[in-house]
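Peer 1: Pasting a predicted model and its sequence here:
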Amino acid sequence: LGSDVELLAAACRAVESCDHVKDQRQAQICMEALAVHLEELNLPAISAFCSLGKFQPKMLLANESVETTAEMMTRMCEIARKNPEADFGIFRDIMIAAGRLGVQPSEEMQHFLAVKISDGISEIRAVRELLQIADAAQRQGCVDYCVMHDVAREAVKLIEKMEIGQLSHLMGIFARQEVYDGEFLERARERLLCLLAIREKVGMSGPQMLSLMTVVSRLNTSLDPEQEVLNLLCMRAKELIPTFSEINITQLLLAVQKRRPVVGEAIHELMDS
């Protein structure tokens, strides 16, 4: 790995794709080799850096031999921008790594990345990758709402592949950024109803349930005019109540009370329990 930067980039991508705790040692080996190649930045070195930044951001930030500054992220963007071989993947990885590391390039480069993401976002085929972009976009110092709406558009195409936790995460991002896409919200409502109706396939913990209830309760009522989603969530929450702490119960009540004007029978039963 010390002499071949392209081999290093491939190794870093392999470690990232494994995404297991046991691969921390392999990540450390890659990180030690990365420090050598960052002296002369090129696309493979940038790719290796971004893979490690996405997989082990805390480890990368703690490594004193690897520069993780806003200036470094800006340099990477500038080098990639000038390289005709740079494709959508490298700009996507830079944006995601910057978000994970909490180190943003200059405003000019943030805008440039947003434009590149918008131009190539239709290439995305995996839900996980789309969520990573949404998360990275909300962490930018200057949030680009065109990217957010592009994410919503692509999410509609991938909605049937999304599980409850993924839907909750994406809806939470949109709610915090005040992004309301009518088609996405309608399709998300349909998907939630489908998943929540299949009891045996919904493996949700108490915190996940509370997170989704909070997100749904904050959305515009046009998402759920008949309270179907919230009613089903209340039914599931009732089953999980024995596992809730006092703090969890408080969070649950705060989520439900936001929709008091249109409470349904399931919410009354939950409150009684």
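Peer 2: Perfect, thanks for sending it.

Peer 1: any idea of the pLDDT on Glu16?
Peer 2: Note on Glu16: pLDDT of 65.

Peer 1: err, Ala136, not the other one
Peer 2: 93.

Peer 1: likewise His37?
Peer 2: 66.

Peer 1: Kindly report the same for Lys258.
Peer 2: For Lys258, pLDDT reads 61.

Peer 1: now Glu67, nearest residue through space, not along the chain?
Peer 2: Leu38 (6.8 Å; Cβ to Cβ, 6 or more residues apart in numbering). The way it works is simple: take the backbone N, C-alpha and C, and place the C-beta from them, glycine included.

Peer 1: quick one, what contacts the one you found?
Peer 2: If a contact means Cβ atoms under 8 Å, 6 or more residues apart in numbering, then Leu38 has Ala45, Phe49, Val66, Glu67 as its contacts.

Peer 1: out of those residues, which are inside helices?
Peer 2: Residues of the contacts of Leu38 located in helices (DSSP state H): Ala45, Phe49.

Peer 1: Low-confidence ranges, the stretch 151-273 of the chain, go.
Peer 2: Applying pLDDT under 70 to the stretch 151-273 of the chain picks out residues 198-209, 214-227, 255-273.

Peer 1: Go again with 90.
Peer 2: Scanning the stretch 151-273 of the chain for pLDDT under 90 picks out 163-169, 171-182, 185-273.

Peer 1: so what does the longest helix seen in the chain touch, helix or strand wise?
Peer 2: Under DSSP H, the helix in the chain containing the largest number of residues is helix 182-197. Judged by 3 or more Cβ pairs under 8 Å, 6 or more residues apart in numbering; DSSP states H and E, helix 182-197 is in contact with helix 145-158, helix 164-176, helix 228-240.

Peer 1: Report the inter-axis angle for the second one versus helix 182-197.
Peer 2: By that I understand helix 164-176. Helix 164-176 runs at 150 degrees relative to helix 182-197, counting by axes from the mean of the first three to the mean of the last three Cα atoms, to 10 degrees.

Peer 1: Helix 164-176 packs against which elements?
Peer 2: helix 127-139, helix 145-158, helix 182-197, helix 206-218.

Peer 1: Return the set of buried residues in it.
Peer 2: Ile164, Gln166, Leu167, Ser168, His169, Leu170, Met171, Gly172, Ile173, Phe174, Ala175 (16 or more other Cβ atoms under 10 Å).

Peer 1: Kindly present those as CSV, with separate columns for distance to Glu123.
Peer 2: Shown next, in CSV, are those (distance: Cβ to Cβ, whole Å):
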residue, distance to Glu123
Ile164, 26
Gln166, 19
Leu167, 22
Ser168, 25
His169, 21
Leu170, 18
Met171, 23
Gly172, 25
Ile173, 20
Phe174, 21
Ala175, 27
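
Peer 1: Just give me the closest of the residues you listed to Leu130.
Peer 2: Leu170 (7.9 Å; Cβ to Cβ).
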